[in-house]
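Novice: this one's sequence-less:
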């Protein structure tokens, strides 16, 4: 298979778990599931989810990094990861949080990040 597509796919999966680890507890709290949990219990839950994220993120970076024979530079990996994180976050927020709204400045910020991807891939 194509190492570029595998790397991107692994980054997408990793970022889904990362977003759930970072922001999913807020939805659990709002729904009453974890409203009375002590913060250390929420941290442990988030760490458990983040462990799964690392199981995808680390192989993605190892496979994708040009120093290991992959197609991407270190900077390209990082900028791609940030854009993937933003896309996953927006989709997650639109699904999980009814009051989440995208405004013009959010779209402008996303456009600037897409510009960053373009710039980082320029020769």
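Specialist: Yep, it's here. Just so we're clear, the structure is a prediction, and the values are computed from it rather than from any experiment. Residues are numbered from 1 along each chain as shown.
Novice: show me what contacts the nearest residue to residue 27 once chain neighbours are set aside?
Specialist: Sequence neighbours aside, residue 96 is the residue nearest to residue 27 in space, at 4.8 Å (criterion: C-beta to C-beta, 6 or more residues apart in numbering). Any C-beta I mention is one placed from the backbone N, CA and C, and that applies to glycine too. Applying C-beta atoms under 8 Å, 6 or more residues apart in numbering to residue 96 gives the contacts 23, 24, 27.
Novice: could you list the buried residues of the lowest-mean-pLDDT helix or strand in the chain?
Specialist: Ranked by mean pLDDT, DSSP states H and E, the weakest helix or strand in the chain is helix 104-121, scoring a mean of 89. Buried residues in helix 104-121, counting neighbours by 16 or more other C-beta atoms under 10 Å, are found at 116, 120.
Novice: please renumber so the chain begins at 3
Specialist: Okay, using 3 as the starting number, the last item reads as helix 106-123.
Novice: mind giving me the ChimeraX select for the contacts of residue 98, buried ones only?
Specialist: Of the contacts of residue 98, the buried ones go into a single ChimeraX selection, burial set by 16+ other C-beta under 10 Å:
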select :26,29
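Novice: list of residues touching stretch 38-54?
Specialist: 19, 20, 22, 23, 24, 26, 27, 31, 36.
Novice: quick one: which of the residues you listed has the most company?
Specialist: residue 20 (24 neighbours; other C-beta atoms under 10 Å).
Novice: name the nearest residue to that one, sequence neighbours excluded.
Specialist: Distance criterion C-beta to C-beta, 6+ apart; nearest residue to residue 20, sequence neighbours excluded, is residue 55 at 4.5 Å.
Novice: tell me which element the one you found falls in.
Specialist: helix 41-66 (DSSP states H and E).
Novice: looking at this protein, which residue lies furthest from center?
Specialist: Most distant from the centre of the chain: residue 38, at 27.4 Å, with distances by C-alpha atoms, centre = their mean.
Novice: any idea how far that one lies from residue 29?
Specialist: Using C-beta to C-beta, to the nearest Å, one obtains 16 Å as the distance from residue 38 to residue 29.
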